[in-house]
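> Everything below, folded, please.
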Amino acid sequence: PVYGFRARGLDGDEPHGSIEAMVADYVAEIRRVRPHGPYLIAAQCIGAFVAIEIARLLRAAGESLFPLLLLDPPERAFAMNEANTTDAAILRRMRAREADFGNADVRVDPEAVKASGRFVRAFERAIAQYAPRPYDGPVCMLVSTDRLAAAPRTQWRKIYAGETAQFIVGEKHTEALDASTPRFAEALAKAMRRVYRDFAPVS
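As a prediction, the model looks like this:
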């Protein structure tokens, strides 16, 4: 089975105020659904830092995990420019996403835009306050060459301190997250084979 998290705040409730609070809720929900591992945790982009902290909590509780599966993670925690977190900016991105799937004329719910705005701004504040620590567990990454070139390997090792396996998906960040492309599917298949063949779950 595969489970996904829907961030608190998208349904009208109050978003989490910190990465730590978000992670505590997510880990509690993981263990409610599946009390014991091994677990395979995945995340994309800046969500890598949420995945790292989930893994840290689960390992501290004595649970075993497969390597984290991270889709084009950054080499540092960073917050977006405030201009990109306004409701108008979020509406533009939502419309662009619908257009990518051939739904350019679809009406975007104004309440969904407001809820997304509240969540995005809360998440960006949480990321700005978050101080990442090195994660020493194994990690498999689907990455873009742009993101790899953005920082020296020494910078990456400050966050991803354990064994890492990287699979190039494309040049741009958007390519590395485009699950509709054959290159993404090929890289994901390679990463999953590596996860299950070469790594035992760790605790």
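
> Next up, the contacts around residue 168.
The contact partners of residue 168, taken as C-beta atoms under 8 Å, 6 or more residues apart in numbering, are 143-145, 148, 187. All C-beta spots, glycine's among them, are computed from the backbone N, C-alpha and C.

> Let me know the secondary structure of the closest residue to residue 115 other than its chain neighbours.
What sits nearest to residue 115 in space, not counting adjacent residues and going by C-beta to C-beta, 6 or more residues apart in numbering, is residue 10, at 5.2 Å. The three-state label given to residue 10 by DSSP: H, G, I helix; E, B strand; the rest coil is coil.

> My guess is residue 51 contacts residue 41. True?
Yes - counting by C-beta atoms under 8 Å, residue 51 does reach residue 41; the two are 5.0 Å apart.

> Do I have it right that the residue nearest to residue 115 meets residue 116?
Yes - applying C-beta under 8 Å, one finds residue 10 in contact with residue 116, separated by 6.6 Å.

> Around residue 117, count how many other residues there are.
18 (other C-beta atoms under 10 Å).

> Kindly report the same for residue 4.
5.

> what sits against it?
Residues in contact with residue 4 (C-beta under 8 Å, 6+ apart): none are found.

> how far away is it from residue 182?
With distances taken as C-beta to C-beta, to the nearest Å, residue 4 is found 23 Å from residue 182.

> Overlap in contacts, residue 51 and residue 41.
Applying C-beta under 8 Å, 6+ apart, one finds that residue 51 and residue 41 are jointly contacted by residue 68.

> My understanding was that residue 37 contacts residue 59; is that so?
No - when contacts are counted by C-beta under 8 Å, residue 37 is not listed as touching residue 59 (9.3 Å).

> which parts of stretch 27-34 are buried?
Applying a neighbour-count criterion of 16 or more other C-beta atoms under 10 Å, one finds 27, 30-31 buried in stretch 27-34.

> Return the subset of the residues you listed lying in helices.
27, 30-31 (DSSP state H).

> ok, residue 10 and residue 116, which is more surrounded?
Legend: neighbour count by other C-beta under 10 Å for residue 10 and residue 116, higher for residue 116 (21 against 14).

> Quick one: residues contacting the nearest residue to the more buried one once chain neighbours are set aside.
In this structure, residue 116 finds its nearest non-sequential neighbour in residue 90, 5.1 Å apart by C-beta to C-beta, 6+ apart. Neighbouring residues of residue 90 by C-beta under 8 Å, 6+ apart: 113, 116-117, 120.

> what's the average pLDDT for the helix or strand hosting residue 90?
Counting by DSSP states H and E, the element that carries residue 90 is helix 87-100. Mean pLDDT, helix 87-100: 70.
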